[in-house]
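Student: need coordinates for the following:
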Amino acid sequence: MKSNTKIKVKTSIAQKKENFTGALFIAPYLIGYVIFQGLPFLIAVVLGFTNVRYISKLEDASFVGINNFIRMFTDVDTMKALGRTGLYSLMYVPLIMVCGFFIAYMVNKGIHCKNLVRSMFFLPYVSNMVAVAVVFKLLLGPDGPVVYILSALGSENPPYLLYGLNTALPTVVCIAVWKGIGLNFITYLAALQNVSADLLEAAQIDGASKWQRIKNIVIPMISPTTFFLMISSVITSLQNFTTIQALTGGGPGQATTVMSINIIRTAFTNYQTGYASAQALVMFIIVLIITLIQWRGQQKWVNY
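Tutor: I've put the predicted structure just below:
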């Protein structure tokens, strides 16, 4: 009995040391998260119910209740920005999901220079967005090679893709998909490599077509990966400030002014910090609701 007690004591001491070591490792991240994300979030929640202005003193602030939220839903420009945000997401999420899966499927089936293809699709993901924006603005600008080629092919009025009211937002979406597709591609490729080859071979022997094998075997088996990428893609599509600011700055006119751009303008151009915080809080609630809906819905179509 004594020996068992000593072993238990030694085990508990070793476990405590291990737990303490683990806590030390995660402490820098937790401290940084609390300081740079946790506290700012709480402050933004409080500011959303006040009339604080960026250039005003705190003692001049007053509690306004839900007036900022009422103002937001009656503000035509803000509602249009919210609509553009939804449109951006509706274009971005399906496009990056489908293209990421298609490219991963093609690479997984076997192509020449597979490692080179992986690098080609993943390098944009780790590239600096500002540098990417400079390149595309040169390519698609009025004096860029795209306009020159279209003019040479006989187009009298070649489209200025980043500068047209109707083409700017779809063009930004396509550039964002090109920039971010590397993550979806690599993640899908890893998932496809775990799909049972025996099941695919058995289905082929039974006479299943390629589409039937993809629909009934491949897609269900990689559904956890699809669920993860769908959530991350939706959140990425709503956190699109850097992409749009670097490419168009919200222009031309208001064509690419989405909520992230609108919030920054409200806070740092119009100096309406409280109103901007209310907009940010609404966006947080929207993201939370979408995520919860996806989380509940995955019980019906995700196979673990």
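Student: what about residue 158, neighbour count?
Tutor: 17 (other Cβ atoms under 10 Å). For the C-beta atoms, the positions are set from N, CA and C on the backbone; glycine is no exception.
Student: what's it in contact with, if anything?
Tutor: Contacts for residue 158 were tallied using Cβ atoms under 8 Å, 6 or more residues apart in numbering; they are 146, 147, 150, 151.
Student: go again with 6 Å.
Tutor: Residue 158 makes contact with 147, 150, 151, according to Cβ atoms under 6 Å, 6 or more residues apart in numbering.
Student: which non-adjacent residue is nearest the second one?
Tutor: I take that to be residue 150. Sequence neighbours aside, residue 158 is the residue nearest to residue 150 in space, at 3.7 Å (criterion: Cβ to Cβ, 6 or more residues apart in numbering).
Student: please apply the same query to the first one.
Tutor: Once flanking residues are discounted, residue 147 sits nearest to residue 158: 4.7 Å by Cβ to Cβ, 6+ apart.
Student: do the same with residue 78
Tutor: Of all residues beyond its chain neighbours, the one nearest residue 78 is residue 72 (5.3 Å), with distances taken as Cβ to Cβ, 6+ apart.
Student: ok, now which ones touch the one you found?
Tutor: Residue 72 makes contact with 78, 278, 279, according to Cβ under 6 Å, 6+ apart.
Student: could you give the number of residues near the closest residue to residue 214 other than its chain neighbours?
Tutor: Here the nearest residue to residue 214 in space, its sequence neighbours aside, is residue 105; by Cβ to Cβ, 6+ apart that works out to 7.6 Å. Here the count is done by other Cβ under 10 Å, and residue 105 has 15 residues near it.
Student: same question, residue 292
Tutor: Residue 292 - counted by other Cβ under 10 Å - has 10 other residues nearby.
Student: for the host helix or strand of it, packing partners?
Tutor: Here residue 292 is covered by helix 273-301, with elements defined by DSSP states H and E. With contacts taken as 3 or more Cβ pairs under 6 Å, 6 or more residues apart in numbering; DSSP states H and E, helix 273-301 sits against helix 39-47, helix 67-74, helix 223-238, helix 259-268.
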